[in-house]
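A.B. asks: next comes the sequence, and after it the predicted model I'd like to discuss.
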Amino acid sequence: MKTLVWVEHDNASVKDATLAAVTAASKLGEVHLLVAGKGCAGVADEAAKIAGVGKVHLADDAAYEHALAENVAPLIVELMSHHDAFIAPATSHGKNIAPRVAALLDVMQISDILSVESEDTFTRPTYAGNAIATVQSKDAKKVITVRGTAFDKAATSGGSGSVEAVSSTGEAGTSRFVGAEIVKLERPELTSAKIIVSGGRALKDAETFQSTIYPLADKLGAAVGASRAAVDAGYAPNDYQVGQTGKIVAPEVYVAVGISGAIQHLAGMKDSKTIIAINKDEDAPIFQVADIGLVGDLFKIVPELTEKL
Amino acid sequence: MKLLVPIKRVIDYNVKPRVKADGSGVDLANVKMSMNPFDEIAVEEALRLREKGVASEVVVVSIGPAKAQETLRTGLAMGADRAILIQTDDEVEPLGVAKLLAKVQEEEQAGLIILGKQAIDDDSNQTGQMLAALLGRPQGTFASKVEVSGDAVAVTREVDGGLETVSLTLPAIVTTDLRLNEPRYASLPNIMKAKSKPLATKTPADYGVDVSPRLATLKVVEPPKRSAGVKVADVDELVAKLKAMGVAA
Ligand SMILES: Cc1cc2nc3c(=O)[nH]c(=O)nc-3n(C[C@H](O)[C@H](O)[C@H](O)COP(=O)(O)OP(=O)(O)OC[C@H]3O[C@@H](n4cnc5c(N)ncnc54)[C@H](O)[C@@H]3O)c2cc1C
Ligand SMILES: Nc1ncnc2c1ncn2[C@@H]1O[C@H](COP(=O)(O)O)[C@@H](O)[C@H]1O
């Protein structure tokens, strides 16, 4: 099988999420990549070095600068005339583009796969990860998104793919990028961090969240996450949300501070290697998944912990 | 302008799903079912656009069993004007749903179609994007803000890293994220009023759409269980554990 993987990038470098998608694709056979963007030739060269990569298709055009699905999907559909499967990481961009491709190909997408069982059979989580389904696709071509935490990252060196320019399919003319507010992170990124400290509704307000959670995260060299309740209340930016409908994470250590452990939150973090929970309610559901629990007031515990580390 | 809001009847988000012992799926017998939470947000957004005078009519549509009528009545009680049920007892995948919705749109010619970003049962996150593809229209997924002006809609999207705004030419497809709004509750008088609002019942065959599944579910299992952990008595004990794990020096 020949699989086309959509490379997530910022027109400067390959994003990590791509690497898990490449690993999933390599389980199906030959791996080709698509780098679509503007002024992204450097990204294509970088992508060609990813271990196991064959061809890298480079589509360099203003139409692809912001990865608008209306523009990118027709390009992918064209390339799919000589590929058997399309794979994207299950990131916000991947999830935006892949179903559009699937519908244009008249294929039912397999979302957020956890494993490749065979060329046409995959496992995927449903019901907030409470049910793992094994599904078999009857479609001639496969369209798949990949859960980043479920696959190892492909090595970023050792590959010797060839870069081949493909011509642009142009602007669809129905959508326009207006602008973005991207939060500049001083800490590790959530989905690739080894340690995450997450805060919940108990953190009271944005200021308390920052003055309580951030120093602990900094001591541990950790990324910061949040529950939906904390994000809704404006304690933390939207893309800090961990859960069924937010980010899926699986770090070495996940520290849940003042988070009750609703199924929607657990869905996003219960594959973490070690879970530590700090909560004043000893019956909080989070303790059912925690490896180490500490019952008590976070406003006493967290500063003390930060100091003693 | 007309607004079309597809809503799905799903397991209530407060219920913990249980996998059936025979591995055939999730047990939904005697389980509380509700409107998909993201679809409540979609209905709310449509109602606000109508209240602002941007839209004149809100039509809710659901594909599902006869009981999905209840979900549509909930949408009508929130304030939608009329409802369409495309009735089937078979499970229809997002591709099939999108094809049916594309046919509904042919008839309704809505200016904006607002869906949820994700159904909390199949967790597919596909239908809106597929519908946009089938209609050849632009999509604003994971919306946290929607502003219609003239023949365009500006959609602020929740993306990895922050927020992004796109401008789409109408008709367009929007899918909702959690921060778009807080859905209203239906008041008792409105629940009563909803009973007499129009609800049309159709079948997939009426639209001539083949909705046979493309994916076969071979089995459904529970995820691996985490073994119960330990409780530590105080911060010192926690620090010792972290040191033993090599997390702290
Ligand atoms: C469609 C949908 C999607 C959702 N998606 C997500 C998602 O992706 N991610 C997510 O997280 N949620 C999601 N949710 C929300 C989820 O259902 C919960 O409402 C949410 O996770 C609760 O957040 P919380 O644990 O911070 O708040 P709460 O449930 O209010 O818990 C606060 C906890 O803090 C503890 N506490 C209070 N004060 C202190 C103190 N001083 N010291 C120590 N502990 C204290 C309390 O004992 C309690 O356990 C979703 C919900 C819906 C309907
Ligand atoms: N059977 C259905 N009936 C009506 N709307 C649906 C149905 N299935 C999905 N949708 C819509 O599509 C959105 C995304 O669903 P999904 O792609 O299944 O995650 C939902 O939030 C609904 O708005």
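C.D. replies: Happy to help now that I have it. Ligands and ions are numbered 1, 2, ... in the order given.
A.B. asks: contact partners for residue 117?
C.D. replies: Because you didn't say which chain, this covers chain A. Contacts for A:E117 were tallied using CB atoms under 8 Å, 6 or more residues apart in numbering or on different chains; they are A:T123, A:T134. Any C-beta I mention is one placed from the backbone N, CA and C, and that applies to glycine too.
A.B. asks: not quite, go with chain B.
C.D. replies: A:T245, B:F38, B:N125, B:G128, B:T141, B:F142, B:A143, B:T175, B:T176, B:D177.
A.B. asks: would you list every one of the helices in the chain?
C.D. replies: All of this is about chain A. Remark: helices assigned in chain A by DSSP state H are A:17-26, A:41-48, A:69-79, A:92-104, A:206-220, A:228-232, A:263-269, A:298-308.
A.B. asks: the chain in question should be chain B.
C.D. replies: B:37-51, B:68-78, B:94-108, B:127-135, B:188-194, B:235-245.
A.B. asks: these: which one's closest to ligand 1?
C.D. replies: helix B:37-51 (3.6 Å; CB to the nearest ligand atom).
A.B. asks: quick test: name the residue nearest the centre of the chain.
C.D. replies: Here I'm looking at chain A. A:T91 (4.2 Å; CA atoms, centre = their mean).
A.B. asks: wrong one, chain B
C.D. replies: Centre-most residue of chain B, counting by CA atoms, centre = their mean: B:G116, 3.2 Å.
A.B. asks: ok, and the closest non-adjacent residue to that one?
C.D. replies: B:F38 (2.7 Å; CB to CB, 6 or more residues apart in numbering or on different chains).
A.B. asks: for that neighbour, give its distance to A:D16.
C.D. replies: Distance, B:F38 to A:D16, using CB to CB, to the nearest Å: 28 Å.
A.B. asks: same question for A:K55.
C.D. replies: Taking CB to CB, one finds A:K55 at 22 Å from A:D16.
A.B. asks: and the closest residue to A:H83 other than its chain neighbours, what are its bridge partners?
C.D. replies: In space, and not counting its chain neighbours, A:H83 is closest to A:L4: 4.2 Å by CB to CB, 6+ apart. Under DSSP bridges, the beta-bridge partners of A:L4 are A:H32, A:F86.
A.B. asks: ok, A:L4 - contacts?
C.D. replies: A:H32, A:L33, A:L34, A:H57, A:I76, A:L79, A:M80, A:H83, A:A85, A:F86, A:I87.
A.B. asks: before we move on, what about A:G52?
C.D. replies: Neighbours of A:G52 in contact, by CB under 8 Å, 6+ apart: A:V22, A:S26, A:V31, A:A154, A:G159.
A.B. asks: list the contacts for the first one?
C.D. replies: When contacts are counted by CB under 8 Å, 6+ apart, A:V22 is found next to A:V5, A:V31, A:L33, A:I50, A:G52, A:V53, A:A154.
A.B. asks: return a ChimeraX selection command for the buried portion of those residues.
C.D. replies: In ChimeraX, this line selects whichever of the contacts of A:V22 come out buried by 16 or more other CB atoms under 10 Å in any protein chain shown:
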select /A:5,31,33,50,53,154
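A.B. asks: which one of the contacts of A:V22 sits closest to B:Y185?
C.D. replies: Ranked by distance to B:Y185 (CB to CB), the contacts of A:V22 are led by A:V5 at 45.0 Å.
A.B. asks: can you check the pLDDT for the closest one?
C.D. replies: At A:V5, the pLDDT value in this model is 98.
A.B. asks: if we can go back for a sec, B:F38 and A:D16: who's more crowded?
C.D. replies: More neighbours surround B:F38 than the other of B:F38 and A:D16, with 27 against 16 (other CB atoms under 10 Å in any protein chain shown).
A.B. asks: hmm, B:Q118 and the more buried one touching each other?
C.D. replies: Yes: between B:F38 and B:Q118 a contact is recorded at 6.0 Å, counting by CB atoms under 8 Å.
A.B. asks: mutual contacts of the two, please.
C.D. replies: Joint contacts of B:F38 and B:Q118 (CB under 8 Å, 6+ apart) are A:T245.
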